[in-house]
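Enquirer: Predicted model and sequence below, questions to follow.
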Amino acid sequence: MSLWRNGVLAVANRPAVERLVRRYGMRLARRFIAGETLEEALAAVHRLEEDGIHAILDVLGEMVTGEAMARAFAEEIKKTVRAFAGLPYPRYVSVKLTQLGLDTARELAEELLKEILEVARTGDVFIRIDMEDSPRVDKTLAVYRAMREAGFENVGIVLQAYLKRSEADLEALLPYRPSVRVVKGAYAEPPEVAYPDLATIRAKFKALVEKNLLAGNPTAIATHDDVLIRWAKDWTKAREIPRNLYEFQFLFGVRPALQKKTAREGYTTRAYVPFGTAWYPYFSRRIAERPENALFVLRGLLKR
């Protein structure tokens, strides 16, 4: 699957391909993205709640350059947090630190994230710091630790099972009693830093989930992999892990029937709901994850 992912991302990053996809805009991306506006995202939240699925809102945008753009994104995120806080549902927002200027200065990202966390704390909104590609892992973990040491409890982190460093990273985080979302990983990474084969990635995914749950920490099992989902249900039942300690997380528009089924079974279930105009990088990673997603887009282009 790493060859598939890397190949698709290489094609998606070509300017001509990006221009072609952007030409049809949200008509193609709509399956994976709630829309370009906050109002569209909140409408998606309402629809999900009708099926017992909670939402994770994400203002799309990453790897910004310049302080002004980072501050503009921070204001958009705070606006999203305030709007979400007014709804009678569990409230949860994801943030990418490169959206807040991490590549410009770590201090800037910390400053803006603190502002977001303050707003979120008053509205009982949980903030998850997304994990990005491997060169940014150290800075991202440092910002997370800084937020916890500043007294923020309403913040979590993400670890990627395919990165060879993730088990050691989790071990180092355990003193913080971290809320961790475990994912396989969606970025194109070299074999020096990431496991290339699915069997190993699954094994590392399980190891991260087990370690964090056995330490008594909140854990989000974020995958559409039937093998891992069945394992997680069986393992947590056998270990008598309370269901309020873990949950299943999915991507908006990917296997919605599975999401509804998981919610009906009584598991806390969330869907990651991205929105905004900066949708192309996220969209590219979604079509790279599964051949079925790429075929969906290709059929859409051919129909045009």
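Expert: Ah, there it is.
Enquirer: C-alpha only now, for contacts and for neighbours.
Expert: Fine.
Enquirer: Please, where are all the helices along this structure?
Expert: 2-12, 15-24, 26-29, 38-50, 67-85, 106-122, 137-149, 166-173, 198-214, 226-238, 256-264, 280-289, 291-303 (DSSP state H).
Enquirer: how distant is the fourth one from the center of its chain?
Expert: When C-alpha coordinates are averaged (Cα atoms, centre = their mean, to the nearest Å), helix 38-50 and its chain have centres 18 Å apart.
Enquirer: and that helix, what other elements does it pack with?
Expert: The contact analysis (3 or more Cα pairs under 8 Å, 6 or more residues apart in numbering; DSSP states H and E) places helix 38-50 against strand 54-59, strand 269-275.
Enquirer: can you list these in CSV and add mean pLDDT and distance to residue 201?
Expert: Below are the helices and strands packed on helix 38-50 laid out as CSV (pLDDT from 0 to 100; distance: least, Cα to Cα, whole Å):
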stretch, mean pLDDT, distance to residue 201
strand 54-59, 97, 24
strand 269-275, 96, 21
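Enquirer: returning to that earlier point: can you add mean pLDDT and give the helices of the chain back as CSV?
Expert: Shown next, in CSV, are the helices of the chain (pLDDT from 0 to 100):
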stretch, mean pLDDT
helix 2-12, 48
helix 15-24, 54
helix 26-29, 61
helix 38-50, 97
helix 67-85, 97
helix 106-122, 98
helix 137-149, 98
helix 166-173, 98
helix 198-214, 98
helix 226-238, 98
helix 256-264, 97
helix 280-289, 66
helix 291-303, 47
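Enquirer: and the ones you listed as CSV, adding mean neighbour count?
Expert: Shown next, in CSV, are those (neighbours: other Cα atoms under 10 Å):
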stretch, mean neighbour count
helix 2-12, 17
helix 15-24, 13
helix 26-29, 18
helix 38-50, 17
helix 67-85, 19
helix 106-122, 18
helix 137-149, 17
helix 166-173, 15
helix 198-214, 18
helix 226-238, 13
helix 256-264, 16
helix 280-289, 20
helix 291-303, 13
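Enquirer: ok, the residue nearest the centre of the chain to residue 39 distance?
Expert: Centroid-nearest residue in the chain: residue 130, 5.5 Å away (criterion: Cα atoms, centre = their mean). Look at residue 130 and residue 39: by Cα to Cα, to the nearest Å, they are 23 Å apart.
Enquirer: Equivalent analysis for residue 63, please.
Expert: 25 Å.
Enquirer: Give me the pLDDT value at the nearest residue to residue 260 once chain neighbours are set aside.
Expert: Among residues not flanking residue 260 along the chain, residue 51 sits closest, at 6.2 Å (Cα to Cα, 6 or more residues apart in numbering). For residue 51, the pLDDT comes out at 98.
Enquirer: residues near residue 51, how many?
Expert: 13 (other Cα atoms under 10 Å).
Enquirer: Was I right to think it contacts residue 262?
Expert: No. Judged on Cα atoms under 8 Å, residue 51 makes no contact with residue 262 at a distance of 10.4 Å.
Enquirer: how much space between the closest residue to residue 42 other than its chain neighbours and residue 78?
Expert: The shortest distance from residue 42 to any non-neighbouring residue, by Cα to Cα, 6+ apart, is to residue 84 (7.6 Å). Residue 84 is 10 Å from residue 78, where distance means Cα to Cα.
Enquirer: Now do the contacts for residue 279.
Expert: 33, 60-61 (Cα atoms under 8 Å, 6 or more residues apart in numbering).
Enquirer: cool, residue 162 as well?
Expert: Here residue 162 is in contact with 184-185, 194-196, 200-201, 204-205 (criterion: Cα under 8 Å, 6+ apart).
Enquirer: one more time with 7 Å
Expert: Counting by Cα atoms under 7 Å, 6 or more residues apart in numbering, residue 162 makes contact with 184-185, 194-195, 201.
Enquirer: what does residue 195 give?
Expert: Contacts of residue 195 by Cα under 7 Å, 6+ apart are 162-164, 201.
Enquirer: Spatially, which two of the residues you listed are the most separated?
Expert: 164 and 201 (9.5 Å; Cα to Cα).
Enquirer: any idea of the pLDDT on residue 36?
Expert: Looking at residue 36, the pLDDT reads 88.
Enquirer: and the gap between it and residue 59?
Expert: 9 Å.
Enquirer: Which neighbours do the two have in common?
Expert: 275-276.
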